[in-house]
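Trainee: Dropping the sequence and predicted coords here.
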Amino acid sequence: MPRHNETRHLPYTPEQMFGLVADVQSYEQFLPWVSAIRVRSDSATEMVADMIVGFKGLSESFTSRVHKERPHHIHVDYLDGPLKHLSNDWRFRPDGQGGVLIDFEVDFAFKNRLFEMIAGQMFDKALRKMIGAFETRAVQLYGSSGSGSSSSSAHSAA
C-alpha cells in the first residue's frame with residue numbers, strides 16, 4: 001500500500017496554499033490524470049466531491065470528504081470508489097519569513113491487486129508529477145518569489 005510523507009517550503013502564505021488545495025473544483029484544470037470533478041456539497045469546513053481519474057485507458061471514480069480548518073489543515077477521508085482506504089493530510093505552517101512549510105501525507109490502498117501493483121511501480125513518479133502540478137499552479141496564481149526558493153524532504157513507502 002503506497003504511503004508518502006513530505007515537507008515542502010514555498011514562498012507563499014499558508015492562506016494562499018490552503019486556498020489552492022481547497023479549490024477542488026479547479027483540479028481538473030491542472031492536475032494530471034484528473035478528468036472531472038463534481039462537488040456534491042461545500043461549506044467553510046467540509047466538502048464532499050467525486051473525482052474521475054484516468055491513466056492509459058483506465059478510468060476510475062471516487063468520492064471523498066474534505067475537512068477544512070482554514071488556513072492550517074486539510075484532511076481528506078475516502079468515502080467510495082476503487083480503494084480500500086485513502087487518508088490524505090495537508091498542513092500549512094508559516095515559516096516566519098513570509099513563506100509556508102507544507103506537510104503532506106497520503107496513505108492509500110486499492111481493492112484490486114493489479115491496480116495495487118501498478119500503483120506501487122509508478123507511485124513515486126506520479127506523486128512527483130502531481131506535487132509539481134500544485135507548485136506550478138501556485139506560480140500561476142500567486143507569481144514566483146525573487147529567490148525562487150523551494151526545498152523538500154520526503155519519505156515514501158510502497
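Mentor: Ah, there it is. Everything quoted here is computed from the prediction, not taken from an experiment.
Trainee: Now tell me which helix or strand of this protein has the poorest mean pLDDT.
Mentor: Across the helices and strands of the chain, mean confidence by mean pLDDT, DSSP states H and E is lowest for strand 151-157: a mean of 46.
Trainee: which other helices and strands contact the biggest helix by length in the chain?
Mentor: Criterion DSSP state H: the longest helix present in the chain is helix 113-142. The elements that helix 113-142 packs onto, with contact taken as 3 or more Cβ pairs under 8 Å, 6 or more residues apart in numbering; DSSP states H and E, are strand 3-10, helix 14-22, helix 27-30, strand 100-110, strand 151-157. C-beta here means a position set from N, CA and C on the backbone, and glycine is covered the same way.
Trainee: What's the mean pLDDT across the first one?
Mentor: In other words, strand 3-10. The average pLDDT for strand 3-10 rounds to 93.
Trainee: Buried residues, it. List them.
Mentor: Neighbour counts using 16 or more other Cβ atoms under 10 Å place 4, 6, 7, 8, 9, 10 of strand 3-10 among the buried residues.
Trainee: so what's residue 75 up against?
Mentor: 66, 67, 69, 87, 88, 89, 90 (Cβ atoms under 8 Å, 6 or more residues apart in numbering).
Trainee: Would you point out the most distant pair within those?
Mentor: 69 and 87 (15.7 Å; Cβ to Cβ).
Trainee: follow-up on the earlier one: tell me what angle the longest helix of the chain forms with helix 14-22.
Mentor: For helix 113-142 against helix 14-22, the angle by axes from the mean of the first three to the mean of the last three Cα atoms, to 10 degrees is 140 degrees.
Trainee: how far off strand 3-10 does helix 113-142 point, in degrees?
Mentor: Counting by the same axes, to 10 degrees, helix 113-142 points 10 degrees away from the direction of strand 3-10.
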